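Peer 1: Coordinates only, no sequence provided:
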């Protein structure tokens, strides 16, 4: 009987291992990690219109970018394969709703950590730091810093921290607030708005699509810590994700993800990389 109990216990432990993985941590039965592992697929909210972070290739349908690589690393650790992942398009204004309603397991979508958002969701420690900047037309020499936006029309996204910072720093700017930054760029190119403002690394991705038409001002006026958003007070899942982020920073996986995505455009990681924990 004792031998049978031992055999059953061993079988139960093996059943927690993801396919293709030699060994894996056993998670508490009621934890988010255990539910995802049992399901076999991680569901992640991400943006589809931000090159270098979260972008859906119109030809292949593949989701690329730094946020996508972070999500795949989570999926690999939980399920044994980075392919066991389902991406759900999540624009800025829907991030808290998708988390609280259980549409996704977590959101990794250039998601700045703010006190207001922490009233509705929980965040991991920062996995990335960005600075707010401006994208303008190449021929426009009138905008060279944030103060030059007074009297200008600036496009940004609903639900972003960029909106409040612009209102505080340039109250005389006219804000065009839309659902996605992909709406801002055609408006800027056509001259319907004078600038696009959000995090500099997002702007670099947009700039890469219009290198001859647009320019990055290059004078950041705010620092944004990006966190992974999860259900409020899910401390066990948060601690697990924090441990993963710390591991990636130590073992080089964070740096490899950066160089394969954001670094391709020539950006350096010095100001963006969190300190090793």
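Peer 2: Here it is on my side, so go on. Quick caveat: nothing in here was measured; it's all calculated off a predicted structure. Numbering: from 1, shown residues only.
Peer 1: max-length strand in this structure?
Peer 2: The residue-count maximum for a strand in the chain (DSSP state E) belongs to strand 128-137.
Peer 1: For this structure, name the helix or strand with the lowest mean pLDDT.
Peer 2: Every helix and strand of the chain was ranked by mean pLDDT, DSSP states H and E. The lowest is helix 2-14, at a mean of 42.
Peer 1: which element follows that helix toward the C-terminus?
Peer 2: For helix 2-14, the succeeding helix or strand toward the C-terminus, using DSSP states H and E, is helix 32-39.
Peer 1: hang on, the earlier thing: what packs against the helix or strand just after the longest strand of the chain?
Peer 2: Next helix or strand after strand 128-137 toward the C-terminus (DSSP H and E): strand 153-157. Here strand 153-157 touches helix 161-169, strand 174-178, helix 181-190, strand 195-199, going by 3 or more CB pairs under 8 Å, 6 or more residues apart in numbering; DSSP states H and E. C-betas here are computed from N, CA, C, even on glycine.
Peer 1: what pairs with strand 153-157, and is each one parallel or antiparallel?
Peer 2: strand 174-178 (parallel), strand 195-199 (parallel) (DSSP bridges).
Peer 1: what's the spacing between residue 161 and residue 168?
Peer 2: For residue 161, the distance to residue 168 equals 11 Å [CB to CB, to the nearest Å].
Peer 1: The two: which is more packed in?
Peer 2: residue 161 (21 against 9; other CB atoms under 10 Å).
Peer 1: distance of that one from residue 43?
Peer 2: 25 Å.
Peer 1: which element is residue 257 on?
Peer 2: Per DSSP H and E, the secondary structure element for residue 257 is helix 253-260.
Peer 1: Can you give me the buried ones in that helix?
Peer 2: 253-254, 257-258 (16 or more other CB atoms under 10 Å).
Peer 1: So which residues make contact with that helix?
Peer 2: Residues outside helix 253-260 that contact it (CB atoms under 8 Å, 6 or more residues apart in numbering): 66, 69-70, 73, 127, 245, 247-248, 269, 272-273.
Peer 1: now for the helix ranked longest in the chain, which elements pack on it?
Peer 2: Identified as the longest helix of the chain according to DSSP state H is helix 235-251. Helix 235-251 is packed against helix 32-39, helix 66-79, strand 121-123, strand 229-231, helix 253-260, with contacts defined by 3+ CB pairs under 8 Å, 6+ apart.
Peer 1: Just give me the residue right at the centre of this protein.
Peer 2: Nearest to the mean C-alpha position of the chain, by CA atoms, centre = their mean, lies residue 109 at 2.9 Å.
Peer 1: Can you verify my assumption that it contacts residue 90?
Peer 2: Yes: Residue 109 lies in contact with residue 90 (CB atoms under 8 Å); the separation is 5.2 Å.
Peer 1: what is in contact with those two at once?
Peer 2: Contacts common to residue 109 and residue 90, judged by CB under 8 Å, 6+ apart, are 45-47.
Peer 1: hang on, the earlier thing: for residue 153, which of the strands paired with strand 153-157 is the nearest?
Peer 2: strand 174-178 (4.5 Å; CB to CB).
Peer 1: Can you give me the domain assignment for this protein?
Peer 2: Domain assignment for the chain by automatic domain parsing gives 26-127+227-265, 130-224.
Peer 1: Would you mind measuring the gap between the ends of the shortest one?
Peer 2: Between the opening and closing residues of domain 130-224 lies a distance of 5 Å (CA to CA, to the nearest Å).
Peer 1: avg pLDDT for that domain?
Peer 2: Mean per-residue pLDDT for domain 130-224: 93.
Peer 1: what do you get for the first one?
Peer 2: Domain 26-127+227-265 shows a mean pLDDT of 96 in the predicted model.
Peer 1: What's the local residue count around residue 26?
Peer 2: Residue 26 has 14 nearby residues by other CB under 10 Å.
Peer 1: sorry, back to before: deepest in the core, which of the strands paired with strand 153-157 is it.
Peer 2: strand 195-199 (a mean of 28; mean count of other CB atoms under 10 Å).
Peer 1: could you point out which element follows that strand?
Peer 2: Beyond strand 195-199 toward the C-terminal end (DSSP H and E), the next one is helix 200-209.
Peer 1: heading toward the C-terminus, what's the first helix or strand past that next one?
Peer 2: Following helix 200-209 in sequence, per DSSP H and E, is strand 214-216.
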